[in-house]
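J.: show me the folded form of this:
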Amino acid sequence: MMRKKFGLGQKRWQDAINRVSLNLKTVRKGSVSTRGGSFHSDSEDIADGPKQPTVLYENTFQLEPKDNQKFPTKKAEDVIKAIFNSNLRDKKYHSDSSKTLTTHLTELIRTQVKQELGKQNRFKIVVLVLVGSMEGQGFRCASRCLWYPQFDRFAEYSYYNEHLFAVGTVYGVYYE
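T.: A predicted model of the protein is given here:
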């Protein structure tokens, strides 16, 4: 029936059935077996073909950093200082552009600190940047964190010019 509908010859029809049956044998409940190994697919749909395998790392159960892997607070503070000095030197505070300015500064600081740490770091980096206008007012900035004080650290730098102030804080939280 189906052969006549699609107009396939007997040989081509049998080849198509064999290919489908081979593909169905390799798929079992969302996991696809390949020559190089196997990986789990979240979607049951295999019409798009096998997806690239995701890299999964095993837990190392390393609950504390090694001595040479402590969070470098001085380097993080130097990064904040350099970015603030280069980007805020001649800036004036405008409430319309302060959101994009803080987002830009936050991303710069985060990428620079991650580059300083290298690829084998085990710290979650959280960056907080506050920018405000210098109107002669007082300003207090406080934060609370739940962390392990033996391994988790933070670096902070405050920048002032005649038109604005900026406070940058980088938290390095150790994680497994």
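
J.: which single helix of this protein contains the most residues?
T.: Taking DSSP state H as the criterion, the chain has its longest helix at helix 98-117.

J.: how far off centre is that helix?
T.: Taking Cα atoms, centre = their mean, to the nearest Å, one finds helix 98-117 lying 13 Å from the centre of the chain it belongs to.

J.: residue 102 reaches residue 129, doesn't it?
T.: Yes: if you go by Cβ atoms under 8 Å, residue 102 and residue 129 touch, sitting 4.8 Å apart. All C-beta spots, glycine's among them, are computed from the backbone N, C-alpha and C.

J.: show me where pLDDT drops low in the chain?
T.: 1-49 (pLDDT under 70).

J.: break down it into its helices, ranges please.
T.: Counting by DSSP H, the helices of the chain are 2-6, 10-26, 73-87, 98-117.

J.: next, the angle helix 98-117 makes with the third one.
T.: Spelled out, it's helix 73-87. When axes from the mean of the first three to the mean of the last three Cα atoms, to 10 degrees is applied, the directions of helix 73-87 and helix 98-117 differ by 140 degrees.

J.: which strands and helices sit next to helix 73-87?
T.: On a contact count with 3 or more Cβ pairs under 8 Å, 6 or more residues apart in numbering; DSSP states H and E, helix 73-87 meets helix 98-117, strand 153-160, strand 164-174.

J.: quick one: buried residues of that helix?
T.: 76, 77, 79, 80, 83, 84 (16 or more other Cβ atoms under 10 Å).
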